[in-house]
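Enquirer: whatever this is, show me its structure:
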Amino acid sequence: MSCPQARGAAAYVKSVHRDWSTAMIMSALITTATPMNTPGNAGTNDLKYVYDASEGDYIAMLCTQGYNATQLALIIGSNTTACSNGSTSTAAASAGDLNYPTMAARADPGKNFTLVVPRTITNVGASGVAAVYDMKVIFTDPADNLAVAVAPSRLEFNTQTPKASFTVTVSGVVPAAGQVISAAVVWSDNEHQVRSPVVVYTDSDD
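Expert: Now for the predicted structure:
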């Protein structure tokens, strides 16, 4: 019975969009959820709370984490897949490049950092209808030492371009150990919103 509400919501989305992948369903739930902001959740961050990813993307992520062919076979259930440095696949080149709805990074306390995150978003709206989404960045925590830039700041979709790519660059310094700073990249067409949390954290001294 782990997270029955989330499972029920996922099942509902699947009943309406039977051709959606698991990654798309997860993305839809994450990017459209209302941020929790109640006294019982004071001090929490966005990481608690539609991007698509294929099997090849997850395999590439495992490869960047050092998994070998034997370990991959145990996870995938087949020994036909192996990591290849010379692969021409467009799958993630690093773990952070996995096309995931959220973006998170660890920073060293008091040191400058820059995180560059590529993402691709898929338009799953009405077929043949053009859509334009503009971007804004919302900081949910005081972030005087953090900057978030997104390029491009406008995405346009039509029947010829159902997908659009953008890059999020997060830079600055997190001054204290154990600190978490969160923001959100929000795409909107004045009717719909797609919200992706951005979290930067430091390890505690403990």
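Enquirer: quick check: mean pLDDT of stretch 80-90?
Expert: Stretch 80-90 shows a mean pLDDT of 56.
Enquirer: again, but for stretch 164-174
Expert: 92.
Enquirer: can you list the buried residues in that stretch?
Expert: Neighbour-count burial for stretch 164-174, counted by 16 or more other C-beta atoms under 10 Å, picks out 164, 166, 168, 170, 172, 174. (Each C-beta comes from the backbone N, C-alpha and C, glycine too.)
Enquirer: what of stretch 74-81?
Expert: residue 81.
Enquirer: again with stretch 199-206
Expert: 199, 200, 201, 202.
Enquirer: out of those residues, which is nearest to residue 34?
Expert: Comparing the buried residues of stretch 199-206 against residue 34 with C-beta to C-beta places residue 199 closest, at 17.6 Å.
Enquirer: helix or strand for the closest one, just tell me which one.
Expert: Under the criterion of DSSP states H and E, residue 199 resides in strand 193-201.
Enquirer: one more: residue 25?
Expert: helix 22-32.
Enquirer: helices or strands up against that helix?
Expert: helix 4-16, strand 193-201 (3 or more C-beta pairs under 8 Å, 6 or more residues apart in numbering; DSSP states H and E).
Enquirer: ok now the helix or strand following that helix, how far from the chain's centre?
Expert: Using DSSP H and E, the helix or strand that follows helix 22-32 in sequence is helix 55-64. From the chain centre to the centre of helix 55-64 is a distance of 15 Å (C-alpha atoms, centre = their mean, to the nearest Å).
Enquirer: same deal with stretch 98-111?
Expert: That offset, for stretch 98-111, works out to 11 Å (C-alpha atoms, centre = their mean).
Enquirer: which residues are in contact with it?
Expert: 23, 26-27, 30-31, 46-47, 50-53, 57-58, 60-61, 92, 96, 113, 115, 117, 119-120, 168, 170, 173-177, 179, 185, 196-203 (C-beta atoms under 8 Å, 6 or more residues apart in numbering).
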